[in-house]
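Peer 1: need the 3D shape of this:
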Amino acid sequence: MSDADIAERDRIERLEALLEQLQQDADVTARPSRRNTRRVRWLIRVLGLLMAALALSNLYFVNTLTQDVRQVIAQMEIMTSYFVRVSERMHSMRGAVAAMEADVRLMPVVDAQVTAIGENVGAMGNSVDDMERSTAGLNQRVASMRGAMDDMARRFRGLNARVGAMGVDVREMAKPVP
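Peer 2: Numbering: from 1, shown residues only. Sure, this is the predicted structure:
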């Protein structure tokens, strides 16, 4: 072997040693970057899970609120039907009292009492009429509340969709940068 071959071999060995040293330096430099990448991925996953938990709890509370409001509305409808029944019975009582008045008109003392009862029944009839108007207004308010609840439920569904879209964005951000 000649001196040129030996010199060439030494030069190649030095270059291989230098290349190996550079590779080790690159590995040492890349470790913190890999660690940071793992930490960022972990943080994004935790944030995504938190947002999903918030969205689920939001959905649960909205559902519970909707059910409670529906129960209130159902109870109000029952109460309205009771008012209607009372009104109908008052009307029938008014007719019965009028019939009694006609039968008893011949007796002056009873006639005076029937007149007083008729005035009371008339006042009660007016009160029943007021109750019927109030009941009609209450029915309108219940219908308005239903519309508002349906609108609120629609808005919460939109909010949940936006939270889902945010989750997609977070997943996209969690992907490693090439």
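Peer 1: from R31, how far off is Y82?
Peer 2: From Y82 over to R31 the distance is 77 Å, taken as CB to CB, to the nearest Å. To be clear about C-beta, it is placed using only N, CA and C from the backbone, and glycine gets the same treatment.
Peer 1: contacting residues for the nearest residue to R70 once chain neighbours are set aside?
Peer 2: Distance criterion CB to CB, 6 or more residues apart in numbering; nearest residue to R70, sequence neighbours excluded, is M149 at 7.7 Å. Residues near M149 by CB atoms under 8 Å, 6 or more residues apart in numbering: T66, V69, R70.
Peer 1: and the helix or strand hosting M149, how far out from the chain's middle?
Peer 2: In the assignment (DSSP states H and E), M149 maps to helix 108-174. Relative to its parent chain, helix 108-174 has a centroid offset of 20 Å by CA atoms, centre = their mean, to the nearest Å.
Peer 1: same question for that helix, mean pLDDT?
Peer 2: Averaging pLDDT along helix 108-174 gives 79.
Peer 1: select only the buried ones of the contacts of M149 in PyMOL?
Peer 2: Applying 16 or more other CB atoms under 10 Å to these, the buried members can be selected in PyMOL as follows:
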select buried, resi 69
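Peer 1: closest one to M166 out of the contacts of M149, please.
Peer 2: Of all the contacts of M149, T66 has the smallest distance to M166: 23.3 Å, by CB to CB.
Peer 1: check which residues of stretch 155-166 are buried.
Peer 2: Within stretch 155-166, the residues that count as buried by 16+ other CB under 10 Å are F156, V163.
Peer 1: actually stretch 132-149, not the one I wrote
Peer 2: E132, T135, L138, V142, M149.
Peer 1: and S33, how close does it get to Q24?
Peer 2: Computed as CB to CB, the S33 to Q24 distance reads 16 Å.
Peer 1: quick one: the helix or strand harbouring I73 to helix 108-174, angle?
Peer 2: According to DSSP H and E, I73 maps onto helix 3-104. Angle, helix 3-104 to helix 108-174, by axes from the mean of the first three to the mean of the last three CA atoms, to 10 degrees: 170 degrees.
Peer 1: tell me how far helix 3-104 is from the chain's mean position?
Peer 2: Distance, centroid of helix 3-104 to centroid of chain: 12 Å (CA atoms, centre = their mean).
Peer 1: packing partners for that helix?
Peer 2: Here helix 3-104 touches helix 108-174, going by 3 or more CB pairs under 8 Å, 6 or more residues apart in numbering; DSSP states H and E.
Peer 1: show me what contacts the nearest residue to R45 once chain neighbours are set aside?
Peer 2: Of all residues beyond its chain neighbours, the one nearest R45 is A174 (6.6 Å), with distances taken as CB to CB, 6+ apart. Counting by CB under 8 Å, 6+ apart, A174 touches V40, R41, I44, R45, G48.
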